[in-house]
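Asker: I would like to see how this sequence folds:
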Amino acid sequence: MTETVSKKTKLLVIDDDKKLCRLLKDYLEPMGYQVESEQDGDSGLKKTIEGNFDVIILDVMLPGMDGFEVLRKIRKVSDVPVLMLTARGDEVDRIAGLEIGADDYLPKTFSVRELLARLRAVMRRTTVRKEVNKTLTEEEIVVGDLKILPNSRTVFFNGTQIELTPVEFDLLFSLAKAKGRIKTREQLLDEIAGRDYIVFDRSIDVHISALRKKLGDDPKEPRFIKTMRSAGYMFVNPKSDWTKEKQ
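Answerer: Below is the predicted model:
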């Protein structure tokens with residue numbers, strides 16, 4: 001019996017390979033997805049912003065604006081889940097996409113069954129995040145010059161807002177709540193995405209590295225996030241200035 005999603009999920013494929021777009025449309029629509037496609041970066045970005053899609057499949061190599069630039073622009077206005085594709089499959093491409101804000105990554109040697117599994121995992125992760133957001137209070141976490149506002153999902157450092165991807169924010173918030181306690185990579189994955197999140201082995205490390213860069217945090221002398229060798233990560237609580245205040 002064919003498994004279908006509970007409601008029509010709007011999916012946009014941004015890829016210049018028309019045969020692949022047709023293949024995905026033919027395979028995914030019987031599963032309950034509403035599939036549209038664009039063949040270049042500019043058109044794909046415009047449709048993403050205007051179309052209110054539930055998930056995006058985005059190729060790296062596109063005519064005109066490449067997939068990385070499309071993703072950068074998407075992340076300025078939306079946290080829609082994005083699954084990136086690459087013909088090269090280089091680790092550098094994967095890391096770059098994750099740092100910019102991709103939710104998952106697949107080389108173009110994928111099977112359609114694997115892609116469907118990744119899509120479902122990404123969508124489950126998004127659902128988990130939305131449910132968690134509903135339970136957040138207006139409390140803020142303040143450590144020195146760092147301020148985390150869970151309800152609005154914003155972070156300020158030295159009075160300036162820091163632009164974080166959804167995964168980066170979830171990681172920072174999870175670590176900050178557990179101040180002074182080690183979080184394993186598995187625990188972090190469970191908390192930010194649920195147990196069905198399909199990831200690359202280095203994805204947590206990549207996101208932590210990007211988060212540190214944005215916070216100006218030196219991993220050798222961390223102010224905020226300390227690497228616990230062979231264990232995971234810990235949010236450092238260097239002073240007694242840890243406070244929680246209500247907005």
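Asker: show me the contacts for residue 105.
Answerer: 83-86, 93-94, 97-98, 200 (CB atoms under 8 Å, 6 or more residues apart in numbering). C-betas here are computed from N, CA, C, even on glycine.
Asker: For the helix or strand encompassing it, buried residues please.
Answerer: Secondary structure from DSSP states H and E places residue 105 in strand 104-107. Neighbour counts over strand 104-107 (16 or more other CB atoms under 10 Å) mark 104-106 as buried.
Asker: Stretch 96-111 too?
Answerer: Buried residues in stretch 96-111 (16+ other CB under 10 Å): 96-106.
Asker: Same question for stretch 110-124.
Answerer: Result for stretch 110-124 [16+ other CB under 10 Å]: buried residues 115-116, 118-124.
Asker: Residue 181 and residue 233 touch, don't they?
Answerer: No. Applying CB atoms under 8 Å as the test, residue 181 and residue 233 come out as separate, 10.3 Å apart.
Asker: And the two? Which one has more around it.
Answerer: Each of residue 181 and residue 233 has its neighbours counted (other CB atoms under 10 Å); residue 233 has more, 25 against 12.
Asker: what's the spacing between the helix or strand harbouring residue 34 and its chain's center?
Answerer: Using DSSP H and E, residue 34 sits within strand 33-38. Taking CA atoms, centre = their mean, to the nearest Å, one finds strand 33-38 lying 21 Å from the centre of the chain it belongs to.
Asker: Paired strands for it, with orientation please.
Answerer: Using DSSP bridges, strand 33-38 pairs in its sheet with strand 9-14 (parallel).
Asker: Give me the contact list for the partner strand.
Answerer: Contacts for strand 9-14 (CB under 8 Å, 6+ apart): 20-21, 24-25, 28, 32-39, 41, 44, 47-48, 51-59, 62, 67, 70, 119, 123.
Asker: Just the buried subset of those residues, written out for ChimeraX, thanks.
Answerer: Of the contacts of strand 9-14, the buried ones can be selected in ChimeraX as follows, counting by 16+ other CB under 10 Å:
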select :20,21,24,25,28,33,35,36,37,38,39,41,44,47,48,53,54,55,56,57,58,59,62,67,70,119,123
